[in-house]
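Enquirer: coords please:
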Amino acid sequence: MTNTVRENFGFICLVITTAGTFICFVTPYWHVTGRTDEYIVGKFHGGLMAHCEPGGCKWLHAEDMFMQKRMPDWFKATQGLMSVGLGLGLIALLVATLSLCCTCHSCNPHHPICGLLLTSCISMAVGIVIFGVKAHDDWGIELEKGLYGSFGWSFWVGIGATAMAFLTACIYCCMGRKRH
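Expert: You can find the predicted model right below:
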């Protein structure tokens, strides 16, 4: 069985989408703050999994979940929604990889992949909106470098991964390949 150009392009887009989602999820640069007072000077940055200070990074899930328990509910909701998005993206990648390798004549895996990616896209988009609005309201984080800080590159990679998930879902929905 030979794969079409659309199938290969869709698969490459899916790999990029999943990689972007993974990178934004694990890196600690969702927000960056600069703090200067008489006791502390330096940059602080945090993500969904870790919070970093000039002395080093701490995992939110370490030390009996002490830091995780201190996080607001909206932050935990963002973690959960981005986890769901990443999980669905990984399942879509698994199904797409198997569909490239297998020669099932009676099935069309493109529509399930499309559904997984659309659900992943919606989950990540809601998580990003929640984080963006609440980080601005509660922590004073701005789009550009503000008084209390700005959104970091991991946040923007998350937005790109969400857009890429939507694009990839559209590609898989439009494939509709016929097998003989």
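
Enquirer: so the residue positioned nearest the centre of the chain versus Phe75, what's the distance?
Expert: The residue lying closest to the centre of the chain (Cα atoms, centre = their mean) is Thr21, at 3.3 Å. From Thr21 across to Phe75, the span is 18 Å (Cβ to Cβ, to the nearest Å). In short, each C-beta sits where N, CA and C put it, glycine included.

Enquirer: with His61 instead?
Expert: Distance from His61 to Phe75, by Cβ to Cβ: 13 Å.

Enquirer: these two: which is more packed in?
Expert: Phe75 (21 against 13; other Cβ atoms under 10 Å).

Enquirer: pLDDT on the host helix or strand of the more buried one, on average?
Expert: Taking DSSP states H and E as the definition, Phe75 sits inside helix 73-101. Average pLDDT, helix 73-101: 91.

Enquirer: could you check the angle the helix or strand just after that helix makes with helix 73-101?
Expert: Going down the chain from helix 73-101, the next helix or strand is helix 110-139, by DSSP H and E. Angle, helix 110-139 to helix 73-101, by axes from the mean of the first three to the mean of the last three Cα atoms, to 10 degrees: 160 degrees.

Enquirer: rewinding a little: buried stuff in the helix holding Phe75?
Expert: 74-75, 78-79, 81-82, 84-86, 88-89, 91-93, 95-96, 99 (16 or more other Cβ atoms under 10 Å).
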